[in-house]
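> Whatever this is, show me its structure:
(chains A, B, C, D, E and F)
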4 protein chains.
Amino acid sequence: MRPVGASGVETRQRVEATALALFAAQGFTATGIRQLAREAGITSAALYSYMGCKEDLLASLMRGLMEPLLERSQTIATSDTQPEVRLRALARAHVRLHGEEPLAARIADTELRALTGDLLGEMLALRDAYEALWVAVIVDGVRDGTFACADTRLVAIALIDLCTGVSGWYRPDGRHTLETIATMHADLCVAAIRAPR
Amino acid sequence: MRPVGASGVETRQRVEATALALFAAQGFTATGIRQLAREAGITSAALYSYMGCKEDLLASLMRGLMEPLLERSQTIATSDTQPEVRLRALARAHVRLHGEEPLAARIADTELRALTGDLLGEMLALRDAYEALWVAVIVDGVRDGTFACADTRLVAIALIDLCTGVSGWYRPDGRHTLETIATMHADLCVAAIRAPR
Amino acid sequence: MRPVGASGVETRQRVEATALALFAAQGFTATGIRQLAREAGITSAALYSYMGCKEDLLASLMRGLMEPLLERSQTIATSDTQPEVRLRALARAHVRLHGEEPLAARIADTELRALTGDLLGEMLALRDAYEALWVAVIVDGVRDGTFACADTRLVAIALIDLCTGVSGWYRPDGRHTLETIATMHADLCVAAIRAPR
Amino acid sequence: MRPVGASGVETRQRVEATALALFAAQGFTATGIRQLAREAGITSAALYSYMGCKEDLLASLMRGLMEPLLERSQTIATSDTQPEVRLRALARAHVRLHGEEPLAARIADTELRALTGDLLGEMLALRDAYEALWVAVIVDGVRDGTFACADTRLVAIALIDLCTGVSGWYRPDGRHTLETIATMHADLCVAAIRAPR
DNA sequence: TATGAATGAGATTTCATTCAT
DNA sequence: TATGAATGAAATCTCATTCAT
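Okay, here's the model as predicted:
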């Protein structure tokens, strides 16, 4: 008995949007299935038409951010340009996606620990693959003398963390456009590891 | 029927250590009062001799990190040295405390949203005061031409985030000593905002 | 896994009947939610399909007595008959309802103190409105010389108390019918305040 | 290690006074042992120097009212005066004690159901003996033609209830003195069952 | 007489999930 | 696709009480 005017697709989108908002604001564990249902305008039983279980829903939200991020970054990291250009592009892409999808970003960055089993493995693999792209670019830069750094992986993580912060405070109506912020962070990253001349 | 040989002080320490470990690993919300009690070796009822409520316990763990951090940083930020020296010292102190107390650090950095009411207000005030110290130092550096940056507060937060990441992966038996890592992060921070000559 | 053959309506009635019995016999506070659930034949979790919280359930049981009582009494008190007739009718209605619904009556009369906030306010308002009806009738009687009394409100409360006692000991299979008892109490009330000729 | 200046006797009195206030206001079940201790200014463990268990304390408070009431009423009921005089005296004594000790009275009248076992038996015996005194006086009055009533025990209970109400609203600084109120209730009682001439 | 620490049981309420309709 | 009713387990917290000190 579907309410007139509501299609499954719309409902699904509403559920996902609501979950994004709640998980990001309160955390996955602190968000109850009934609050989620209530704010999405359906019963909690109906939720299970749109998700396997609560954890599946979380994983699919994470995928929604991490898969595009990984995809774009793969293209960037393997492109045929100088390491500095690629590092800037990686940073820009990271900042842009974190600014455009701050909710999904926050969830992806903080709720890994809520996952278990296969879902956890899947997400860890995505994250590791992503980190490896940054490492590869930095290694290239170190090799050709553009960059200088003591521990590549460690620095890669530090720079990613630096760009990740954006999702915590960026507002579309804030003082700077997302493009400006992306440029600033790209500058910070490159400045941080550029080899002294 | 108090187990012979256990004093209140010891039990309190055991409770706090257990809470640090569990809250850091699983998150505050995902950690139940009974698990906490079980792993601390007491009943859940006895927990309430050592805390007002679960949220009070969380707040006191956060204070344990944020108050020392704020105190040391205040001394640094108001010392009579060059901005670059002070910024390096801030970064080193931040990294050092986050490396020494990674559990408390992780909790302080991720569980603010679990607080409500007065406790939330108190912690936000601590955090804001801390951020203000970094901002002040950066402003000083910009004024005397050492640093160049577009938006002080934004950059301050980005640099703090950068140093915060340490608590996520640092291990005492890892490849670098904490001092080395602190130096590296201080380098990253300064490099990131040093004015081009 | 809903037991076949049980509908929500039946369950709700069973819950309310059980609550009436237990609250009346043991008191609201002394009755646990699990005992209530057990004796109603459901789980304690399922109780919450039928009530907001324990206090809401109490308030709704009270309403079940006080609203009809107030309604009937309003009709009586504002009817166009002599004060003595109206007082007798008030007493009879009170006794009758207290005899027919002794459990609800006992609860309404003794568990006000278990309520808080808005629910308490609502019930106090009902009680005050009810007392005011008796006062009004007595005042009318005093005015036309039928009754004589020093303090109307005080006497009104005393007479109501007198009729209330019925719910404590009346049994349908006792020595007197409820109608007889009602008559007796109406007699007592009128005799108690009739002006001496 | 008794705090200087506090004697056991004083503490005991403070405990009993506190218990009277709390049990009367909130009910026996709703009053926790720790609230009681806190408001009496001792630890909950120390309470057990002054009482066997919570239920013992309740019983002793009840005795404090019911034994004097029974004693005085026994003297009255067996005195060599006319039934009407004795009934008035019973009512006056009841009202007086309920007005002077409204807290104990309220507890004695409402918390019987919180007792179990021997303590319950003891209190029921006191109550029954007391009721029997009223019944005896009324019977005497009926015999000599002063009173007229259909069911002695039933009427006795109704009149006791009527006088009991006093403890619910009497305030020493109210509109009437306790003596006046006692007189009014004695009047009500006698008027209610006086045989028509 | 008093305390601090502790206990086992239980309080009310919510959890994620299931299932016949 | 959606619902109302239900579940077993667990949530946080309080209960009255005990006992070595």
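> mind showing which ranges of chain A have poor pLDDT?
Scanning chain A for pLDDT under 70 picks out A:1-7.
> how does it divide into domains?
A:1-51, A:55-193 (automatic domain parsing).
> Mean neighbour count added to the ones you listed, as TSV?
From N, CA and C alone the C-beta is placed, and that goes for glycine too. Putting the domains of chain A into TSV (neighbours: other CB atoms under 10 Å in any protein chain shown) gives the following:
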stretch	mean neighbour count
domain A:1-51	15
domain A:55-193	18
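> of all the ones you listed, which lies closest to residue D:184?
With CB to CB as the criterion, residue D:184 lies closest to domain A:1-51 of those, at 57.2 Å.
> one step back: redo the domains of chain A as CSV? Include distance to residue D:44.
Below are these laid out as CSV (distance: least, CB to CB, whole Å):
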stretch, distance to residue D:44
domain A:1-51, 34
domain A:55-193, 40
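> Tell me which of the ones you listed sits nearest to residue D:75.
Of the domains of chain A, nearest to residue D:75 by CB to CB is domain A:1-51, at 65.7 Å.
> How far away from the center of its chain is the closest one?
Remark: domain A:1-51 is offset 21 Å from the chain centroid, using CA atoms, centre = their mean, to the nearest Å.
> could you check whether that domain is close to chain B?
Yes: remark: domain A:1-51 sits within contact range of chain B at A:25, A:26, A:27, A:29, A:30, by CB under 8 Å from any CB of the partner chain.
> Confirm the last one sits in a strand?
No: the assignment for residue A:30 is coil, going by DSSP: H, G, I helix; E, B strand; the rest coil, so no strand is present there.
> List phi and psi for it.
Main-chain torsions, residue A:30, degrees, to the nearest 10: phi -80, psi -10.
> Apart from its chain neighbours, what residue comes closest to it?
Spatial nearest neighbour of residue A:30, chain neighbours left out: residue B:29 (4.3 Å); criterion: CB to CB, 6 or more residues apart in numbering or on different chains.
> dump the residue contacts of that neighbour.
The neighbours of residue B:29, taking CB atoms under 8 Å, 6 or more residues apart in numbering or on different chains as the test, are A:27, A:29, A:30, B:114.
> Is the closest residue to residue A:64 other than its chain neighbours in a helix, a strand, or coil?
Of all residues not flanking residue A:64 in the chain, residue A:104 sits nearest, at 5.7 Å (CB to CB, 6+ apart). Counting by three-state DSSP, the backbone at residue A:104 sits in helix.
> Can you say which of the domains of chain A is nearest to residue C:69?
With CB to CB as the yardstick, what comes closest out of the domains of chain A is domain A:1-51 (36.9 Å).
> Near chain B, which residues of chain A? Just list them.
So chain A meets chain B at A:25-27, A:29-30, A:110, A:113-114, A:150-151, A:154-155, A:157-159, A:161-162, A:164-166, A:168-169, A:175-176, A:180-181, A:184-185, A:188-189, A:191-194 (CB under 8 Å from any CB).
> Give me the distance from the longest helix along chain A to the chain's centre.
Counting by DSSP state H, the longest helix found in chain A is helix A:117-143. Centroid separation for helix A:117-143 versus its chain: 13 Å, with CA atoms, centre = their mean.
> do the same with stretch A:82-101
The answer for stretch A:82-101 is 12 Å, by CA atoms, centre = their mean.
> Could you do stretch A:69-87 as well?
Taking CA atoms, centre = their mean, one finds the center of stretch A:69-87 at 17 Å from the center of the full chain.
> Spatially nearest residue to residue A:95, not counting backbone neighbours?
Leaving aside its sequence neighbours, residue A:95 sits nearest to residue A:182 (CB to CB, 6+ apart; 4.2 Å).
> typo on my end, it should be residue A:74
Nearest to residue A:74 is residue A:133, by CB to CB, 6+ apart, at 6.4 Å.
> With residue A:84 instead?
Among residues not flanking residue A:84 along the chain, residue A:146 sits closest, at 5.3 Å (CB to CB, 6+ apart).
> Does the one you found touch residue A:82 like I think?
Yes: in this structure, residue A:146 is within contact of residue A:82 by CB atoms under 8 Å, at 7.1 Å.
> check contacts around the nearest residue to residue A:114 once chain neighbours are set aside.
Among residues not flanking residue A:114 along the chain, residue A:28 sits closest, at 4.4 Å (CB to CB, 6+ apart). The neighbours of residue A:28, taking CB under 8 Å, 6+ apart as the test, are A:54, A:58, A:107, A:111, A:114.
> which of these sit farthest apart?
Taking CB to CB, no two of the contacts of residue A:28 sit farther apart than A:54 and A:107, at 13.0 Å.
> Lovely, talk soon.
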